[in-house]
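Chemist: Output the structure for:
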Amino acid sequence: MPTKKSLDQAALVPDPNTGYLIPDYFGTANWAYSPPLRKFVDAMPGLGQGSKNALGQYIPVAVPDTKTYPGSDYYEIAVVEFKEKMHSDLPQTTLRGYVQLSTAVIPGAHIALTHNGAPILKGDGTQAYGVDAPHYMGPAIIAARDVPVRIKFYNLLPTGAEGNLFLPVDTTVMGAGHGPLGHDAMPMNYTQNRANIHLHGNNTIWISDGTPHQWITPAGEDTPYPQGVSVVNVPDMGNADDPRDGIQTLYYTNAQCARLMFYHDHSYGITRLNVYAGEAAAYLLTDKVEQDLINGTNTTGVNPGLQKLLPDLGIPLVIQDKTFVDASTILSTDPTWAWGTTPGTPNTGDLWYPHVYSPAQNPWDPSGANAFGRWMYGPWFWPPTTDIEHGPVPNPYYDPANPSWRPPMMPATPNPSMPGEAFMDTPLVNGTAYPYLEVEPKAYRFRILNAADDRFLNLQMYVADSSGYISPDTGYATEVKMVPACGTPGIPADWPSGVPDSALKGPDWIQIGTEGGFLPVPVVIPSQPITWNLNATNFNFGNVDQHSLLLGTAERADVIVDFSQYAGKTLILYNDAPAAFPASDPRYDYYTGNPDQTAEGGAPSTQPGYGPNTRTIMQIRVAASAPAPAYDLSTLEAAFSKTATKRGVFEATHDPIIIPQAAYNSAYNVNNLPTDAASAYVQLQEFSKTFSPIDASGVLQPPVTLQIQPKALQDEMGEVYDTGYGRMSGMLGLEFPATNSNLNQFVVYGYASPPVEIIKGTANLNATPIGSLQDGTQIWKITHNGVDTHTIHTHLFSVQLINRVAWDGAMMPPDPNELGWKETFRVNPLEHTIIALRPNIPTPEQVPFEVPNSVRLIDPTMPEGAVLTPPPPAGWFDPMGNPVTEVTNHYVNFGWEYVYHCHILAHEEMDMMHSMAFVVPPKAPSGLAANLTGSFFNKRVVLTWTDNSAHETGFTVQRAVSSSGPWTALATLPANSTSYTDFIGMSNNTYYYRVVASNTVGDTATPGFPVVTVDSGFSNVVKVIPNPVQPPAAPSNLTAIRLTGLRVRLTWRDNANNETGFVIERSDNGGAYTVIGLGYLGSVSFTDRFVLPGHKYTYRIAAVNTGGMSAYSNTATVNM
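Modeler: Predicted coordinates for the structure are as follows:
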């Protein structure tokens, strides 16, 4: 049998279309591993220069400018490329990240910013200076509730070829390749130096949300696409709206309670890469309740005991995973690597990112599997994806003597290709690999963020194994003692085997908050290894069951840890969350003593004291000093509870929850919130939900019924896939309404689709009852028919997680630390995840300017009128399940446009993202005025008004004959209209007028897709009296005399003294009367010069004025 041997770089052939080497998909790992780094030799950096480690790392804290925009904190922030040393055993790593720029008001250290030794220049050609030097995860912004933050954002990345990312960019990912000009553009592709800022967790206006189409490029970049189609600057910040100036302005209301947020890139097609490269930083929002609990004050009524319960704002723990290039090994495990700071020549310390889509299948291998495969490949899956554009192609490395190792066909997937996920091998905390933290034996507060692209975390603490490996560099233990993979006396019955020793558990987590702010009740979470639901009778078999502090991507935890019982101990922050989650691939689980997996494309066994190791995240060294008293948990719990004499933390900081549950009783000082599943949770087969909401005090209100919005999520090959190359994909979608066994289907939609999530905003949550006409509350049931647990993130609003329910009906209430409000939540396979949401419209005080709608092409990367690619496998359907022949690219009003998506960033960019259209009523028109003009039949009312809104789609003019109505629509006018003329003719009625603005959001052109219209309030009402004077008296004594030359002379008597003229009418041979002339004021005669022989003419006269027309005179007849 031929020997299996990987092909080295010299044996590989280039792709003639790209110049990159064609991968060997079946005999090479196509993966990379970091150099063996010593663990726990570098201190963890913290906030400010006072927390700088020996590597020079720390997280700068942004300095607010409170003068430029009074009442707001103002910052000038830039994205730049820089280098930073992230471990003692690594050279500097090239990164991209944010830095605060010096201004006249905030000069700071005034550090001249450079790139590769050259000055970084602003768009106007001047040197850019930093308040501080660029540092990873900085600058952190600390903001206060209800104090707006304004940012002027500069893209100061390099331009041209230097602006290309040092990571592999797959240009087949929508938004990373061609734009709407296609091959006619030069350059053809969107640039790789695009950037923006999304404040993750904010509830601000859409123009500052940082959605995928709101990126900018640097000033001077040579591109036909200098900015995304949704870029809109803040109206009152004076930016010139030059799309090529490399500047964007942003506005955050901060109308939220205390919480940890973070700001990061969200550029279309390269989000996962920009965030991985370093474009992320912390944003900490505090409020008066939190300050009371920190300072021992009671300005908010939650802390009458004046207890200092929170250890300050806390220590940030921002956890990520990276893989660093090892130049000595990478070309043997990843021979086609061609990126980094020296493309074509590997550079140790560069960031590495997967770029070869290795198929899990190999039809020519007797097992049917590819030993080096990682992701499913559609053409070799069941059912096969036969409709893809690029199917398998001949393998240039085909070896007829060994077809199972060198098969005749291979995927046509490009190199570089985006991966299914990117699970890396080295954990970082605050930008340092395997750091240590020194603490005193007392309680600390930590603000934890899982900022990994794709990896989940199950965080626990264990006392380090003092009998195991001791680092010769530090003298500290580096490993966690494990229990054998067999029964061990003294181990708890539910403690799994092959995991950390329960006897060495460290301190519990006391969780007080999530990304949505404070919890209703503090939650004590002990260390607990991951276990899985292994009950084969359960439909959600294989999902994660037990866990400790579990954080999916982008989830946050606000925790207190009491080290008072661990003086002199060394603790290890430990993670055993599977990757992928919940079905682990052992090659992504790096731990001490793990098996050598090089034969399957994995890493060699990890040695004690070294990486790669994704389980031992950081080391905590507790000083051997006198311990503080144990943390008083009962006092903290009492502060959180509401009583008859004090407010509770949750009730004082949050909007009321939507569906009450007994777990919230103490938060509202009530004892009657529902405990039964039928009232507190949404059942498996419910399509609507009747429940009793609560008011701001927690008092139950009359029942309401809301329809449940059936959402869907799918990530299983064959159900969704990349229609270009047959790669795995994931998509959001909808279930058909009232699904049953005869109608058990769902439809999926990619990001470039008509909007199906249209949400009406609520103007005043406390004053607007849930379920009322003005209310926008929705309940979503997200049905997951796939394999991975996904962290779903909603922009704009937080949600209440109601419950999960498996497809067999097994009910799962939220975990205690999932109560309250969350904007990132886990959706498990083969379960329904039910959430409730109620987005709030900001007040004029919070947003002191008008905001337009987002009106754009469905797919901005395609020309208008192009036929859009239908979602797989069955094509377009409307939300009711009716087939749609095709959808063309056209302009749609997305309202205030936000998105919701999977925050596993590789999944987000494989199309698991939807636009959300937030419908905001326009501001009412004002200053309605009416001007009566004209006379006789040309009498008209000219209406004018002031258009106060920037996002109306039209106006309706209404008229009534009574101030109380009924009102009749006279006309529907387009946006920006400010006048209308009502022709009332000879009418003498009194009329009342009013005007209303409307906002119609959704795809009005594609049949079957949802559209929502909301109206403004009405303008003022104006009254018009067309008859301010009495009509004149009728003329009399009309005579008609035939004159020579075919003429008739009319004379009459004028009986009025208030006429403005006369109307002369004639009947020809007994026909209808028609007007033949007008007489002037005071006239008593008229000559008809247009008569014919043989005709009989009959005449009549009426006097007229602004009050109307008199009765007619007598008639007079002439025969010609």
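Chemist: Packing partners of the helix or strand of the chain with the lowest mean pLDDT?
Modeler: One helix or strand of the chain scores below all others by mean pLDDT, DSSP states H and E: strand 1108-1109, with a mean of 86. Contact partners of strand 1108-1109 among helices and strands, from 3 or more C-beta pairs under 8 Å, 6 or more residues apart in numbering; DSSP states H and E: none. Any C-beta I mention is one placed from the backbone N, CA and C, and that applies to glycine too.
Chemist: List the contacts of that strand.
Modeler: For strand 1108-1109, the surrounding residues in contact (C-beta atoms under 8 Å, 6 or more residues apart in numbering) are 936, 986, 988, 1027, 1031, 1063, 1102, 1103.
Chemist: How about stretch 475-484?
Modeler: Contact with stretch 475-484 is made by 39-40, 436, 462, 464-471, 491, 495, 497-502, 504, 570, 572, 574, 592, 608-609, 615-616, 619, 621, as judged by C-beta under 8 Å, 6+ apart.
Chemist: What residues sit buried inside that stretch?
Modeler: 476, 477, 478, 479, 480, 481, 482, 483 (16 or more other C-beta atoms under 10 Å).
Chemist: Chain neighbours aside, what residue packs nearest to the second one?
Modeler: In this structure, residue 477 finds its nearest non-sequential neighbour in residue 464, 3.6 Å apart by C-beta to C-beta, 6 or more residues apart in numbering.
Chemist: dump the residue contacts of that neighbour.
Modeler: Shown in contact with residue 464 (C-beta under 8 Å, 6+ apart): 476, 477, 478, 479, 480, 569, 570, 571, 572, 619.
Chemist: at 6 Å instead, please
Modeler: With contact set as C-beta atoms under 6 Å, 6 or more residues apart in numbering, residue 464 has these partners: 477, 570, 572.
Chemist: And the helices in the stretch 601-750 of the chain, which stretches?
Modeler: All helices of the stretch 601-750 of the chain, identified by DSSP state H, counting those that start in this stretch, fall at 633-640, 649-653, 665-668, 677-680.
Chemist: Could you give the average pLDDT over the third one?
Modeler: Averaged over helix 665-668, pLDDT sits at 98.
Chemist: returning to what we had before: any chance of the contacts of strand 1108-1109 in JSON lines, with distance to residue 528 and neighbour count too?
Modeler: Listed next are those as JSON lines, based on distance: C-beta to C-beta, whole Å; neighbours: other C-beta atoms under 10 Å:
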{"residue": "936", "distance to residue 528": "89", "neighbour count": "17"}
{"residue": "986", "distance to residue 528": "86", "neighbour count": "14"}
{"residue": "988", "distance to residue 528": "84", "neighbour count": "15"}
{"residue": "1027", "distance to residue 528": "84", "neighbour count": "14"}
{"residue": "1031", "distance to residue 528": "92", "neighbour count": "20"}
{"residue": "1063", "distance to residue 528": "95", "neighbour count": "20"}
{"residue": "1102", "distance to residue 528": "96", "neighbour count": "22"}
{"residue": "1103", "distance to residue 528": "98", "neighbour count": "27"}
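Chemist: Most widely separated two among the residues you listed?
Modeler: Taking every pair in the contacts of strand 1108-1109 and measuring C-beta to C-beta, the maximum separation is 17.0 Å, between 1027 and 1063.
Chemist: and residue 1049, how many neighbours?
Modeler: For residue 1049, the count of nearby residues is 14 (other C-beta atoms under 10 Å).
Chemist: Dig out what it forms beta bridges with.
Modeler: Residue 1049 has these beta-bridge partners by DSSP bridges: residue 1041, residue 1087.
Chemist: from the chain's centre, how far out does stretch 85-95 sit?
Modeler: Taking the mean of its C-alpha atoms, stretch 85-95 sits 32 Å from the chain's own mean (C-alpha atoms, centre = their mean, to the nearest Å).
Chemist: Any buried residues in that stretch, and which?
Modeler: Buried residues in stretch 85-95, counted by 16+ other C-beta under 10 Å: 85, 86, 87, 88, 89, 90, 93, 94, 95.
Chemist: got a list of contacts for it?
Modeler: The contact list for stretch 85-95, computed with C-beta under 6 Å, 6+ apart, reads 37-38, 41-42, 55, 82-84, 166, 278, 324, 341, 349, 431, 433.
Chemist: Also stretch 748-759?
Modeler: So stretch 748-759 is contacted by 714, 720, 731, 733-734, 776, 839, 858-859, 871, 879, 894, 911, 913-918, 1001-1003, 1006, 1009-1010, 1012 (C-beta under 6 Å, 6+ apart).
Chemist: Quote the end-to-end distance of that stretch.
Modeler: With C-alpha to C-alpha, to the nearest Å as the measure, stretch 748-759 spans 19 Å from end to end.
Chemist: do the same with stretch 1107-1120
Modeler: End-to-end distance for stretch 1107-1120, by C-alpha to C-alpha: 36 Å.
Chemist: where do the strands sit along the stretch 301-450 of the chain?
Modeler: Secondary structure of the stretch 301-450 of the chain by DSSP state E, counting those that start in this stretch: the strands cover 315-324, 351-352, 393-394, 409-410, 426-429, 432-433, 435-439, 443-450.
Chemist: what pLDDT, on average, does the longest one get?
Modeler: Meaning strand 315-324. Average pLDDT, strand 315-324: 99.
Chemist: Run me through the strand neighbours of that strand, direction for each.
Modeler: Partners of strand 315-324, by DSSP bridges, with direction: strand 351-352 (antiparallel), strand 426-429 (antiparallel), strand 443-450 (parallel).
Chemist: could those go into CSV alongside distance to residue 542, mean neighbour count and mean pLDDT?
Modeler: Below are the strands paired with strand 315-324 laid out as CSV (distance: least, C-beta to C-beta, whole Å; neighbours: other C-beta atoms under 10 Å; pLDDT from 0 to 100):
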stretch, distance to residue 542, mean neighbour count, mean pLDDT
strand 351-352, 30, 24, 99
strand 426-429, 25, 24, 99
strand 443-450, 22, 22, 99
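Chemist: To residue 205, which of those strands lies closest?
Modeler: Residue 205 sits nearest to strand 443-450 of all those, at 24.3 Å, using C-beta to C-beta.
Chemist: Keeping just the C-alphas, turn that closest one into PDB.
Modeler: C-alpha atoms of strand 443-450 as PDB (Å, rounded to 0.1, in the frame of the first residue of the first chain):
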ATOM      1  CA  ALA A 443     -13.800  40.000  46.700                       C
ATOM      2  CA  TYR A 444     -13.300  41.300  43.200                       C
ATOM      3  CA  ARG A 445     -15.700  42.300  40.500                       C
ATOM      4  CA  PHE A 446     -15.000  41.100  36.900                       C
ATOM      5  CA  ARG A 447     -16.700  42.200  33.700                       C
ATOM      6  CA  ILE A 448     -16.300  39.200  31.400                       C
ATOM      7  CA  LEU A 449     -16.800  39.300  27.600                       C
ATOM      8  CA  ASN A 450     -16.500  36.400  25.300                       C
END
